[in-house]
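Q: quick one, fold the following:
(2 chains)
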Amino acid sequence: MTALLRVQDLKKYFPVGKDLLGRPTQVVQAVDGVSFSVEKGRTLGIVGESGCGKSTTARLLMHLIEPDEGRISIRGKEFGNISGRHPVAELRRQMQMVFQDSYASLNPRLTIEDSIAFGPQIHGVSEREARQQARDLLEKVGLNPNVFVRRYPHELSGGQRQRVNIARALAIKPEIVLLDEAVSALDKSVQAQVLNLLSDLKKEFGLTYLFISHDLNVVQYISDDVMVMYLGQVVESGPVEKLYQNPAHPYTRALLSSVPSQTPHERKQHKVLEGDPPNPIAPPSGCRFHPRCEHARAICSSQQPKTTKVDGLHQAACFMLPANPSHEKYIQLQEVSA
Amino acid sequence: MSADKLIDVRNLNVTFKGEEGPVYAVSDVSFDLAAGETLALLGESGCGKSVTMKSLMRLHPAHKTRIEGQINIDGVDLLSMRPAALSAMRGKTVSMVFQEPMLAFDPVYTVGDQIIESVMRHEGFSRADARKRALEMLERVRIPSAAKRLDAYPHEMSGGMRQRAMIALALACKPKILLADEPTTALDATVQIQVLLLLKELQRELGMSMIFVTHDVGVAIEVADRTAVMYAGRIIEEGPVDDVLSNPWHPYTQGLLGATVHPGMDRKEALSAIPGSPPQLTRQITECAFAPRCSYRTDECLKPMPAAYQADSRAVRCIHALAEV
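A: Next comes the predicted model:
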């Protein structure tokens, strides 16, 4: 099966600080060589802690910020602001985004109807048609159009506003929706409503989701595949059951172990990582996780591990995986030095 | 009131004078806290959990707030305390940590200076002794190269480290009670668990009592002995955390747990969301505030809410829950 969305070697370095001549003194390696693909109708969950580059990845995909390097293609068509690539406007017709802050992402001076009908008009739909569509979409996201079309964002609750944002994202009939912490700011009782809505809409419109979240339980529930990021790089990816039941990368194991149990009788012993995630301005050499890793050996600080197959589509970037070609070499080295 | 209660709150009402009329933030809240015990106030935004907490330090602006009821802390009537006595109590008997450490620290003083000031004020230490205590506290909350960090400004620390520094500040005068208002909500998962385990450890060492405000069921399970679930300004269910969260009596608690994603749940099944949203608190609600969203609702529910029903060290405010118990 061919992938609907394919991302290859995406990179973005942000300059920080300036010297006398205005040249940047340092760079933040926000996204450093991220590759993945998503098949139609599936949901890819992207998890990681703040600063790991998950939101930057989403913004690069939408070209809200320009990638330094990398290829983004949908159905084999490559998009970008470079000659020879398809225009970004066309990319955005096929991919839309919902943000965490439901209030900041709506224009406070536009009614709900105007907000939803705005995008399609930009993309060439007549005003009358766009307005009719906006009403239909409001119905689909569970808001009565007769009550809500004339309202302004400040008159809505957080959950209602996020429904409006979802309706707006769907208004230009995209195939892919990027959900960047889209339910994270909502209270649990409302979050459940929106998660159910997302599942229903996915079925009805045959959507493909990229679901970015720091909430590991929600990601497990909603995703088919999961990708774990650490300091701008993908450390592990694979089908959700395999990754959650048999995490291969030490960081994934620590991350999953740090989630408090949701049921009193399943309280667990936590495997606690020391320290905070390091500064992405000066990431550690070799494997970026090695200073916090209990398995780290000499090779981990000198070389970057390549992504290695764990089992089927499940893969991880760690020298200590038995399947990693360096593993044998490492074991031998250990034996020699011992 | 029994003598072993460090905190005893009876019929607390907190009303804010808003520009568009009063807001009834906390209604008829009663609870207590024993020495060495941890209570989790659990609820969603706007349920009154933080307002209740701030009332225990009298942090609400006096001219905009009406507080009624009784709050006894370590045997002293908090609501009749004079300002000087209040200042002496804050940080010494009761201390507080917040969600956003950047707001709790003064950005123009070093972290060390702020801890030193508090220790000199409450313990009567000399500056040199206070500095020793401050360093000891930073080491105790496991801040790496603590001696160097003593002279760091809050903005020079990472989020997790700032949160530890705030805990060091709050515990520097060895308070009897620590109030923690969502102290780990803004932290990443791997840092959150470090801070939760640290707080539990410090509590044991110092023999403190804690009240922990959280919206996260998992955090309540991790830290608390007892939990009080709040909805629309009231405590609607209370009891040992294991009992309440494995066998909830109140329909709201049941709904909250049903709406929370559990690891390993069937991904094809829809979540049991609670319909609607919490009520506005601009009206004094005398009936059950959850009734409009409740699937057990009957006409009885629209009458003034009954007092809490108590059984097996648990309490619940719902006439339908009573029938089942």
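Q: the residue of the stretch 101-250 of chain B found nearest chain A: which element?
A: Nearest residue of the stretch 101-250 of chain B to chain A, counting by CB to the nearest CB: B:Gly218, 3.3 Å away. In short, each C-beta sits where N, CA and C put it, glycine included. Using DSSP states H and E, B:Gly218 sits in helix B:217-223.
Q: export that helix as PDB, just CAs?
A: Presented in PDB, the C-alpha positions along helix B:217-223 are these (Å, rounded to 0.1, in the frame of the first residue of the first chain):
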ATOM      1  CA  VAL B 217      -7.300  11.300  38.400                       C
ATOM      2  CA  GLY B 218      -3.900   9.600  38.000                       C
ATOM      3  CA  VAL B 219      -2.200  12.300  40.100                       C
ATOM      4  CA  ALA B 220      -4.700  11.900  42.800                       C
ATOM      5  CA  ILE B 221      -4.200   8.200  42.900                       C
ATOM      6  CA  GLU B 222      -0.400   8.700  43.000                       C
ATOM      7  CA  VAL B 223      -0.300  11.100  45.900                       C
END
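Q: could you pull out the strands for the chain?
A: Because you didn't say which chain, this covers chain A. Here chain A has its strands, by DSSP state E, at A:5-18, A:24-38, A:43-47, A:69-74, A:77-79, A:95-98, A:176-180, A:208-212, A:225-230, A:233-239, A:308-311, A:314-316.
Q: oops, chain B please
A: B:5-18, B:21-34, B:38-42, B:65-73, B:76-77, B:94-97, B:177-181, B:209-214, B:226-231, B:234-240, B:309-311, B:314-316.
Q: can you add mean pLDDT and distance to chain A and give those strands back as TSV?
A: Formatted as TSV, the strands of chain B follow (pLDDT from 0 to 100; distance: least, CB to the nearest CB, whole Å):
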stretch	mean pLDDT	distance to chain A
strand B:5-18	94	16
strand B:21-34	95	16
strand B:38-42	97	10
strand B:65-73	96	24
strand B:76-77	94	34
strand B:94-97	94	18
strand B:177-181	95	15
strand B:209-214	96	10
strand B:226-231	97	10
strand B:234-240	97	9
strand B:309-311	88	19
strand B:314-316	95	14
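Q: need those in a markdown table (columns: mean neighbour count).
A: Output for the strands of chain B, formatted as a markdown table (neighbours: other CB atoms under 10 Å in any protein chain shown):
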| stretch | mean neighbour count |
| --- | --- |
| strand B:5-18 | 18 |
| strand B:21-34 | 19 |
| strand B:38-42 | 26 |
| strand B:65-73 | 17 |
| strand B:76-77 | 11 |
| strand B:94-97 | 24 |
| strand B:177-181 | 24 |
| strand B:209-214 | 25 |
| strand B:226-231 | 26 |
| strand B:234-240 | 24 |
| strand B:309-311 | 12 |
| strand B:314-316 | 22 |
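Q: and those strands: which comes nearest A:Val219?
A: strand B:209-214 (20.6 Å; CB to CB).
Q: other SSEs contacting the closest one?
A: Here strand B:209-214 touches strand B:5-18, strand B:21-34, strand B:38-42, helix B:49-55, strand B:177-181, helix B:217-223, going by 3 or more CB pairs under 8 Å, 6 or more residues apart in numbering or on different chains; DSSP states H and E.
Q: can you show me the CA trace of that strand as CSV?
A: Below are the C-alpha coordinates for strand B:209-214, written out as CSV (Å, rounded to 0.1, in the frame of the first residue of the first chain):
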residue,chain,number,x,y,z
SER,B,209,0.0,17.1,55.8
MET,B,210,-0.8,18.0,52.2
ILE,B,211,-3.8,19.2,50.2
PHE,B,212,-3.3,18.6,46.5
VAL,B,213,-5.5,20.3,44.0
THR,B,214,-5.6,18.4,40.7
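Q: tell me the strands beside that strand, with direction?
A: strand B:38-42 (parallel), strand B:177-181 (parallel) (DSSP bridges).
Q: out of these, which comes closest to A:Gly80?
A: strand B:177-181 (46.2 Å).
Q: so that closest one versus strand B:65-73, what angle?
A: 140 degrees (axes from the mean of the first three to the mean of the last three CA atoms, to 10 degrees).
Q: and strand B:177-181 with strand B:21-34, angle?
A: Angle of strand B:177-181 versus strand B:21-34, following the same axes, to 10 degrees, is 140 degrees.
Q: what does strand B:177-181 rub up against?
A: B:6-7, B:33, B:50, B:53-54, B:56-57, B:73-74, B:93-99, B:170-171, B:199, B:203, B:208-213 (CB atoms under 8 Å, 6 or more residues apart in numbering or on different chains).
Q: mind redoing it with 6 Å?
A: Among residues not part of strand B:177-181, those counted as contacts by CB atoms under 6 Å, 6 or more residues apart in numbering or on different chains are B:6, B:50, B:53, B:94-99, B:208-213.
Q: and residue 249, how many residues sit next to it?
A: No chain was given, so I picked chain A. 26 (other CB atoms under 10 Å in any protein chain shown).
Q: wrong one, chain B
A: Neighbour tally, B:Trp249, other CB under 10 Å: 24.
Q: that older thread, as a markdown table, the strands of chain A with mean neighbour count, mean pLDDT and distance to chain B would be great.
A: Below are the strands of chain A laid out as a markdown table (neighbours: other CB atoms under 10 Å in any protein chain shown; pLDDT from 0 to 100; distance: least, CB to the nearest CB, whole Å):
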| stretch | mean neighbour count | mean pLDDT | distance to chain B |
| --- | --- | --- | --- |
| strand A:5-18 | 16 | 92 | 15 |
| strand A:24-38 | 18 | 92 | 15 |
| strand A:43-47 | 26 | 97 | 9 |
| strand A:69-74 | 18 | 95 | 26 |
| strand A:77-79 | 16 | 94 | 31 |
| strand A:95-98 | 23 | 96 | 18 |
| strand A:176-180 | 24 | 97 | 15 |
| strand A:208-212 | 25 | 97 | 12 |
| strand A:225-230 | 25 | 96 | 10 |
| strand A:233-239 | 24 | 97 | 12 |
| strand A:308-311 | 17 | 90 | 20 |
| strand A:314-316 | 22 | 95 | 18 |
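Q: between those, which gets nearest to A:Asn146?
A: Taking CB to CB, strand A:95-98 is the member of those nearest to A:Asn146, at 24.3 Å.
Q: on contacts alone, who are the packing partners of that closest one?
A: Applying 3 or more CB pairs under 6 Å, 6 or more residues apart in numbering or on different chains; DSSP states H and E, one finds that strand A:95-98 makes contact with helix A:158-170, strand A:176-180.
Q: looking at the ones you listed, spot the one closest to A:Ala317.
A: strand A:176-180 (23.6 Å).
Q: so how far is stretch A:68-85 from its chain's centroid?
A: Centroid separation for stretch A:68-85 versus its chain: 19 Å, with CA atoms, centre = their mean, to the nearest Å.
Q: now the end-to-end length of it.
A: 15 Å (CA to CA, to the nearest Å).
Q: give me the domain ranges for chain B.
A: B:5-34+B:43-81+B:224-262+B:272-324, B:94-174 (automatic domain parsing).
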